[in-house]
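# Pasting the sequence and the predicted coordinates here, then a few questions.
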Amino acid sequence: MGKTHPNNKMNNLSGDKWLFLTQSVMKTSYPKIYGFSLRQQHGANKPPQLMKDLISFFTKERSTVLDPFAGVGGTLLGASLCNRKALGIELSGRWITIYKKVCKQEKIKPQGIERGDCLEVMDKLINSRRKFSLIITDPPYNINLKRTMCRGRYRNRNRQTEFTNFSKNCRDFSNCTTYAGYIAKMALFIQMSSKLLLTNKFLVIMTKNAYQDGKYMNVSRDVASLAESSGLTFKGEIIWYQNGVRLRPYGYPFTYVPNIIHHNILIFRKESQNGRRTKSF
Ligand SMILES: C[S@@+](CC[C@H](N)C(=O)[O-])C[C@H]1O[C@@H](n2cnc3c(N)ncnc32)[C@H](O)[C@@H]1O
């Protein structure tokens with residue numbers, strides 16, 4: 001394994017690993033490890049190995065990471081795999097129980113995880129002056145969309161998403177009644193994230209665009225605008241391609257309807273406002 005450069009204040013990576021992780025496209029498959037058979041009950045779980053790569057780029061060892069939409073713990077497991085501390089927040093007790101079961105099964109010491117609405121828990125963290133070296137998260141990507149991709153003709157085979165674990169909790173971001181309501185909640189979440197981040201550290205948000213009512217919805221663009229309006233600097237975007245996503249004939253044989261098989265991982269930095277910038281490229 002290569003050495004960490006002595007001037008590297010960003011992470012503990014060697015030059016070759018650093019270079020590898022700056023690629024703007026990442027591809028991950030879902031090997032059946034780290035409790036996958038338990039975690040797959042959550043239709044939107046993320047691979048711990050992907051989260052580990054991201055966390056190990058944006059933090060030093062033993063830093064503390066926050067995931068306000070923790071689900072079954074993709075981020076928390078990723079943090080454990082690279083020797084970081086983490087705190088998760090998750091609305092649903094069901095997903096927290098699964099995360100704890102995975103830790104027991106895999107003999108991984110569980111990270112902290114709090115049950116609740118992240119907007120309330122983050123507010124408490126701000127009041128208690130907590131700060132994090134990285135906020136990395138995978139919020140609901142949109143409100144629960146209707147199955148309009150095929151105008152109802154092809155039933156399940158052609159529906160918009162595999163995700164069927166919809167909650168009834170009105171605090172769940174995906175249960176907002178309008179897209180504007182969802183964006184308003186995302187704005188609050190991003191403002192709070194900015195307060196909880198140490199200066200010069202990163203906010204990493206996974207988003208996914210959608211297609212609805214005959215139009216492409218550019219959710220990642222909308223989320224990036226919110227973060228920039230909160231004073232964060234947009235530093236880059238990684239297209240994450242999930243190996244093995246099933247393609248569906250949404251528009252065939254009449255028109256173009258995309259199979260959206262990627263996520264947009266948006267990277268923002270909280271930069272110093274007082275002119276005493278540490279080197280900012
Ligand atoms: C896309 S999933 C995250 C999956 C996670 N990355 C994993 O690996 O399991 C989004 C999660 O956000 C949770 N959620 C939605 N609204 C929330 C809120 N207001 N506060 C905390 N969690 C919330 C949902 O219950 C869901 O588990």
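The structure has been received and is ready for your questions.
# Quick check: residues of the stretch 101-250 of the chain near the ligand?
Asp117, Cys118, Asp138, Pro139, Pro140, Ser167, Arg171, Asp172, Phe173 (Cβ under 6 Å from any ligand atom). From N, CA and C alone the C-beta is placed, and that goes for glycine too.
# Looking at those, state which has the most neighbours.
The most crowded member of those, judged by other Cβ atoms under 10 Å, is Cys118 (27 neighbours).
# quick one, phi/psi of that one?
Comment: the main-chain dihedrals of Cys118 come out as phi -60, psi -30, following degrees, to the nearest 10.
# one step back: which of the residues of the stretch 101-250 of the chain next to the ligand scores worst on pLDDT?
Lowest pLDDT within those is found at Ser167 (84).
# residues touching that residue, list them.
Contacts for Ser167 (Cβ atoms under 8 Å, 6 or more residues apart in numbering) come out as Leu91, Ser92, Ser174, Asn175.
# coming back round to it: the residues of the stretch 101-250 of the chain next to the ligand in strands, which ones?
Assignment to strands by DSSP state E places none of these there.
# Give me the subset of the residues you listed lying in helices.
Cys118 (DSSP state H).
# any low-confidence regions in the stretch 101-250 of the chain?
146-165 (pLDDT under 70).
# circling back to that earlier point, and the residues of the stretch 101-250 of the chain next to the ligand, which is closest to Leu21?
Asp138 (18.0 Å; Cβ to Cβ).
# need the contact list for that closest one.
Residues in contact with Asp138, defined by Cβ under 8 Å, 6+ apart, are Ala44, Lys46, Asp67, Phe69, Gly71, Gly74, Thr75, Ile205, Met206.
# Please, where are all the helices along the stretch 1-150 of the chain?
Secondary structure of the stretch 1-150 of the chain (DSSP state H, counting those that start in this stretch): helices at 15-21, 36-39, 48-58, 74-81, 93-106, 118-127.
# Just confirm Asp123 contacts Met192, I think it does.
Yes. At 6.8 Å, Asp123 and Met192 qualify as touching, with contact defined as Cβ atoms under 8 Å.
# With neighbour numbers in mind, choose between these two.
The neighbour comparison of Asp123 against Met192 (other Cβ under 10 Å) goes to Met192, with 20 against 14.
# Look at the nearest residue to that one once chain neighbours are set aside and say how many residues are nearby.
Nearest residue to Met192, sequence neighbours excluded (Cβ to Cβ, 6 or more residues apart in numbering): Met122, at 4.2 Å. Neighbourhood size, Met122 [other Cβ under 10 Å]: 23.
# what's the answer for Asn209, then?
Neighbour tally, Asn209, other Cβ under 10 Å: 18.
# Please apply the same query to Val25.
Counted with other Cβ under 10 Å, the neighbours of Val25 add up to 9.
# Pretty sure it sits against Gly236.
No. Judged on Cβ under 8 Å, Val25 makes no contact with Gly236 at a distance of 11.8 Å.
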